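> Make a model of this:
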Amino acid sequence: MYQLRAEIAEFRCYETQLIILTTAHDYLGKKYGIGSSTVTRIIQKKEAIRGAANKFKEYGVTNRKTLKEQTFPLLEEALYVWILQQRQSNILLTVDVLKTKAELLFKMFQDRGLYKVNSFASSDGWMHRFKQRFGLRVKAVAGEKASVNVEAYLNFKTVLLKKIQEMKLSISQIFNADESALFIKLLATRSVVTCNETVASGRKQNKTRYTFMPCANVDGSLKLPLYFIGTAAKPRGINTEELPVSYVHSK
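The predicted model follows:
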């Protein structure tokens, strides 16, 4: 009798917990617009979801919504490591280069006994999914940062600092000048397109440009007139002596 009562009490406790759990799942489902069964699956796979979310965060992916596994995980990991190595050296990578490298890596894995029964094609669809999984984006190339000689810069920095200390210069006595250019008729390299357009059709670029060189001291208290380089020695209808710049021609 006592054992029966204990089992009944245990069953009622379990039944109460089940009702509370079901109610909680229904509440969460209504709150986030999903079914209660989906809530149950999420709770059951919470550890796997957390692990995958942490992995995606390492790649900068924050909007991942599925846990689909890659067909070629080792291949994609190797390709991603190679991309990191190339970008650390500021080497430009196009989509076609990544596709070719992926095929070479796949052949290398097959030579080592992996993916023997698989076939691989570096298609546009695979490349799109690969970029999504690893948080990769295609950006326009800008600036000349990758051309900087770091070693020469560090040496120059040491020599310049020593010279400033020897001559006891103030920041108003230290000047910097650097050439630049303005492409006055150059079109944009990116464009917003509608959903019906597959490509943004471009035009032949007009690279007409003006070259100039600004110069100023460190604290900005003295800015020299802009040094402007034009194409004509005597521009038609313009008196170069009246211009607010120091005008010279390209020769």
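
> So L104, which state does it fall into?
Here L104 is recorded as helix under DSSP: H, G, I helix; E, B strand; the rest coil.

> typo on my end, L182
In the three-state summary, L182 is assigned as strand, counting by three-state DSSP.

> The helix or strand L75 falls within: which residues count as buried?
With elements taken from DSSP states H and E, the one containing L75 is helix 73-88. Of the residues in helix 73-88, 75-76, 78-80, 82-83 count as buried by neighbour count, 16 or more other C-beta atoms under 10 Å. Placement of C-beta: from N, CA and C, glycine included.

> Dihedrals phi and psi, V248?
With angles defined as degrees, to the nearest 10, V248 shows backbone torsions of phi -140, psi 160.

> tell me the contacts of it?
In this structure, V248 makes contact with 227-230, judged by C-beta atoms under 8 Å, 6 or more residues apart in numbering.

> Rebuild those residues as a markdown table, extending it with pLDDT, neighbour count and distance to V117.
Supplementary listing: those in a markdown table, determined by pLDDT from 0 to 100; neighbours: other C-beta atoms under 10 Å; distance: C-beta to C-beta, whole Å:
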| residue | pLDDT | neighbour count | distance to V117 |
| --- | --- | --- | --- |
| Y227 | 92 | 16 | 67 |
| F228 | 91 | 17 | 67 |
| I229 | 89 | 18 | 64 |
| G230 | 84 | 18 | 67 |
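
> between these, which is nearest Y247?
Checking these against Y247 by C-beta to C-beta gives F228 as the nearest, at 5.1 Å.

> Using the three-state scheme, assign T38.
At T38, secondary structure determined by three-state DSSP is helix.

> quick one: pLDDT of it?
What the model reports for T38 is a pLDDT of 73.

> nearest spatial neighbour of it, skipping sequence neighbours?
Leaving aside its chain neighbours, T38 sits nearest to G29 (6.9 Å; criterion: C-beta to C-beta, 6 or more residues apart in numbering).

> Contacts only, for the nearest residue to A78 once chain neighbours are set aside.
Taking C-beta to C-beta, 6+ apart, and ignoring the residues beside it in sequence, A78 has L105 as its nearest neighbour in space, at 5.3 Å. Remark: with contacts taken as C-beta under 8 Å, 6+ apart, L105 is in contact with 75, 78-79, 82.

> and with 10 Å instead?
Under the criterion of C-beta atoms under 10 Å, 6 or more residues apart in numbering, the contact list for L105 reads 72, 74-79, 82, 120, 122.

> returning to what we had before: who are the packing partners of the helix holding L75?
Here helix 73-88 is seen to pack against helix 95-111, helix 124-133 when contacts are counted using 3 or more C-beta pairs under 10 Å, 6 or more residues apart in numbering; DSSP states H and E.
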